[in-house]
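# Quick one: sequence and predicted model below, then my questions.
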Amino acid sequence: MKRRKYESDELDSFDEIREAMNALRNEVVNEFEAQQEELNRLRDRVTKKKKKKGFVMKRTMLSIVMLSIVAGVLLTAASGAFVRNDITSEIAGNPDFLSEYLRNVVNSGNTYVFNPIAAPSGSNNIDEGAMYYDISANTFYGSKDGSTWTEFATGGATSLDAAYNVGSTIDVGGDAVTLTVSDTDDNVVLALVQNDSTNDNTAMTITSAANAANAISLDIDSQSTGRDIEGTGATWYVTGAGLATFTIGAQSTPLDRTANTTSQAGSLITAGTRIVEVTAVAGAATDFVVLPVGVLGERVTIIATVACELRTIAASNDEINEVDSDGTQEYQMTAGDIVDLICVEAGARWTAVSHTILGAAKTIVPD
């Protein structure tokens with residue numbers, strides 16, 4: 001029987017493999033039948049002529065050689081019939097088959113080939129540490145938790161814009177993100193450019209969930225001789241030492257308040273307010289507005305468009321012009337009065353002067 005070698009390009013489908021194996025089986029069967037007939041004839045001759053032992057051994061060895069040739073044919077056909085992605089128990093259990101499988105899976109250059117597939121469905125098909133190449137998305141996915149697939153970062157990203165296309169959110173679960181310019185680099189650390197003049201969106205927003213009294217949304221730590229912040233054209237700025245400079249000036253928006261019979265949100269002047277306008281009373285001219293706990297040097301100007309009273313926080317013992325004004329004693333303002341107050345002792349005393357709408361000075365004595 002002539003040995004035939006099947007190359008991989010000849011056997012690249014299961015049908016072709018099946019046809020080749022059937023043909024080989026028929027050849028083997030025919031060969032064995034022929035050998036069996038020859039052995040039968042030899043046995044008859046030995047019986048009749050007592051053939052020498054060496055002749056019998058020669059024929060036996062010939063049969064063994066033929067069997068080896070048949071086995072070689074089968075192995076050659078099987079190895080040539082390898083199809084990528086179809087690893088079976090026969091391949092895994094045969095060193096020759098397994099080596100052929102690995103040679104086909106690992107490309108030249110020692111690169112590993114992933115068979116592109118659709119996303120595995122169901123949580124039962126996900127294992128922590130598993131990965132696959134998605135046939136639709138043309139990218140790799142992996143599982144870090146054994147329950148979800150996560151797309152791998154694009155290896156070809158060569159710019160921050162390409163990285164942004166992968167994802168625009170950073171979960172800062174560890175240390176803060178830090179941008180550093182080394183000495184002599186002569187660079188701006190971070191530049192924000194908002195070119196959308198159509199929608200006029202904000203260039204930067206800061207959202208903080210911290211609500212403690214000393215919570216900080218933006219902390220600037222610079223040299224005291226420099227400027228912490230500067231406005232357009234340097235028309236205003238705040239230095240590291242805390243000096244604010246405005247070319248035109250600073251203007252405060254008046255706080256609208258309604259006088260009432262209790263210290264509630266509508267009648268209490270918010271701490272730090274510069275200008276207050278009393279526009280209404282809840283009931284009568286005996287209703288009042290309430291000064292906040294003062295900070296030394298704090299100034300407040302009250303413009304009363306209606307007649308009402310002015311007092312300090314109840315049970316605080318805070319004074320207006322040396323008079324305890326936290327309860328039964330208040331300063332009566334008439335419509336049109338302009339009252340300027342300055343805190344001269346933190347959390348204790350306010351000094352006030354008053355003028356009419358025509359500028360005439362009035363004496364302030366709470367009673």
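That came through fine.
# For V113, give its distance to Y133.
V113 is 9 Å from Y133, where distance means C-beta to C-beta, to the nearest Å. All C-beta atoms are positioned from the backbone trio N, CA, C, and that covers glycine.
# Which residue of these two possesses the greater neighbour count?
Y133 (15 against 12; other C-beta atoms under 10 Å).
# quick one: I269 and F288 touch, right?
No - using C-beta atoms under 8 Å, I269 is not in contact with F288, being 10.9 Å away.
# Neighbours of the closest residue to L296 other than its chain neighbours, how many?
Nearest residue to L296, sequence neighbours excluded (C-beta to C-beta, 6 or more residues apart in numbering): A346, at 4.4 Å. In terms of burial, A346 registers 12 neighbours under the definition other C-beta under 10 Å.
# likewise L192?
For L192, using other C-beta under 10 Å, the count is 6.
# Now do the same contact list for it.
203-204 (C-beta atoms under 8 Å, 6 or more residues apart in numbering).
# measure it to S222 for me?
Where S222 is concerned, L192 sits at a distance of 18 Å (C-beta to C-beta).
# what's the burial count for P366?
Neighbours around P366, by other C-beta under 10 Å: 20.
# and if you look at T273?
T273: 19 neighbours (other C-beta under 10 Å).
# give me the number of residues near R45?
R45, neighbours per other C-beta under 10 Å, totals 13.
# Which pLDDT value belongs to it?
Note on R45: pLDDT of 71.
# Which of the three states applies to it?
helix (DSSP: H, G, I helix; E, B strand; the rest coil).
# what's the span of stretch 279-292, first residue to last?
Using C-alpha to C-alpha, to the nearest Å, the end-to-end distance of stretch 279-292 comes out at 18 Å.
# any idea how far that stretch is from the chain center?
51 Å (C-alpha atoms, centre = their mean, to the nearest Å).
# quick one: buried residues of it?
281, 287-292 (16 or more other C-beta atoms under 10 Å).
# show me where the stretch 151-300 of the chain has helices.
Ranges of helices in the stretch 151-300 of the chain, per DSSP state H, counting those that start in this stretch, are 160-166.
# what's the distance between G240 and S224?
For G240, the distance to S224 - C-beta to C-beta - is 4 Å.
# what are the phi and psi angles of V189?
phi -70, psi -50 (degrees, to the nearest 10).
# Please tell me how far H355 sits from S159.
64 Å.
# ok, those two, which is more surrounded?
Just comparing H355 and S159: by other C-beta under 10 Å the higher neighbour count belongs to H355, 14 against 8.
# Would you mind listing the residues in contact with that one?
337-338, 361-362.
# Give the bridge partners for it, please.
Under DSSP bridges, the beta-bridge partners of H355 are I338, A361.
# hang on, the earlier thing: among the contacts of H355, which one lies nearest to L98?
I338 (96.8 Å; C-beta to C-beta).
# Please give me every residue in contact with the closest one.
301-304, 354-357.
# rerun that using 7 Å as the cut-off
301, 303, 354-355 (C-beta atoms under 7 Å, 6 or more residues apart in numbering).
# List the residue ranges of the stretch 201-350 of the chain that fall below the pLDDT cut-off.
Judged against pLDDT under 70, the stretch 201-350 of the chain has no low-scoring part.
# circling back: out of the contacts of H355, who's the most crowded?
D337 (22 neighbours).
# so it touches A307, yeah?
No - D337 is beyond contact range of A307, at 8.5 Å (criterion: C-beta atoms under 7 Å).
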